[in-house]
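> show me how the following folds:
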Amino acid sequence: QPQLVESGGGLVQPGGSLRLSCAASGFTLDYYVIGWFRQAPGKEREGVACISSSGDSTDYSDSVKGRFTISRDNAKNTVHLQMNSLQPDDTAVYYCAASLTDGGYYGCAHYPMDYWGRGALVTVSS
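Numbering: from 1, shown residues only. Okay, here's the model as predicted:
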């Protein structure tokens, strides 16, 4: 059974950092584009960052560009989201998702994600 599990969420003060991880089981991430999404209370889900299957290409939403970094370790079947300079507006449930690709990368919005994790709560508050 393909599964994605997020970890690393928690409570952090404004200006702090967290590193989220997304571990896959039941399938290999090698041929998948991975995206991180988030949903804040009362808001729609939004895309945060995506990374190509090779790890060579990434893109970010304007709201996190320069603060968040997505990376992947295909050998460990894991993807990470390093989040720095966190602000209260970053408070949300963060989800990772995977979309099978032909090896190309066409930008985050191109991919209808095939698998989703259950999410990890990130709370930024003093």
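
> in which helix or strand does the residue positioned nearest the centre of the chain reside?
By Cα atoms, centre = their mean, the chain has its centre lying nearest to residue 36, at 2.3 Å. Using DSSP states H and E, the element containing residue 36 is strand 32-39.

> mind giving me the packing neighbours of that strand?
Applying 3 or more Cβ pairs under 8 Å, 6 or more residues apart in numbering; DSSP states H and E, one finds that strand 32-39 makes contact with strand 18-25, strand 46-51, strand 68-73, strand 78-83, strand 92-100. Bear in mind the C-beta positions are built from the backbone N, C-alpha and C, glycine included.

> can you pull the buried residues of the longest one?
Just to be clear, that refers to strand 92-100. Buried residues in strand 92-100, counting neighbours by 16 or more other Cβ atoms under 10 Å, are found at 92-99.

> any idea which of these is closest to residue 84?
residue 94 (14.5 Å; Cβ to Cβ).

> that closest one contacts residue 119, correct?
Yes: between residue 94 and residue 119 there is a contact at 6.4 Å, judged by Cβ atoms under 8 Å.

> give me the common contacts of the two.
residue 6 (Cβ atoms under 8 Å, 6 or more residues apart in numbering).

> give the burial count for residue 46, as a bare number.
Residue 46 has 13 neighbours, counted by other Cβ atoms under 10 Å.

> which residue packs closest to it, ignoring adjacent ones?
residue 38 (6.1 Å; Cβ to Cβ, 6 or more residues apart in numbering).

> equivalent analysis for residue 31, please.
The spatially closest residue to residue 31, leaving aside those adjacent along the chain, is residue 53, at 5.6 Å (Cβ to Cβ, 6+ apart).

> list the contacts for the one you found?
29-33, 101, 103, 105 are the contacts of residue 53 under Cβ under 8 Å, 6+ apart.

> sec struct for it, please.
coil (DSSP: H, G, I helix; E, B strand; the rest coil).

> what pLDDT does it get?
We have a pLDDT of 94 for residue 53.

> for residue 116, same thing?
pLDDT, residue 116: 97.
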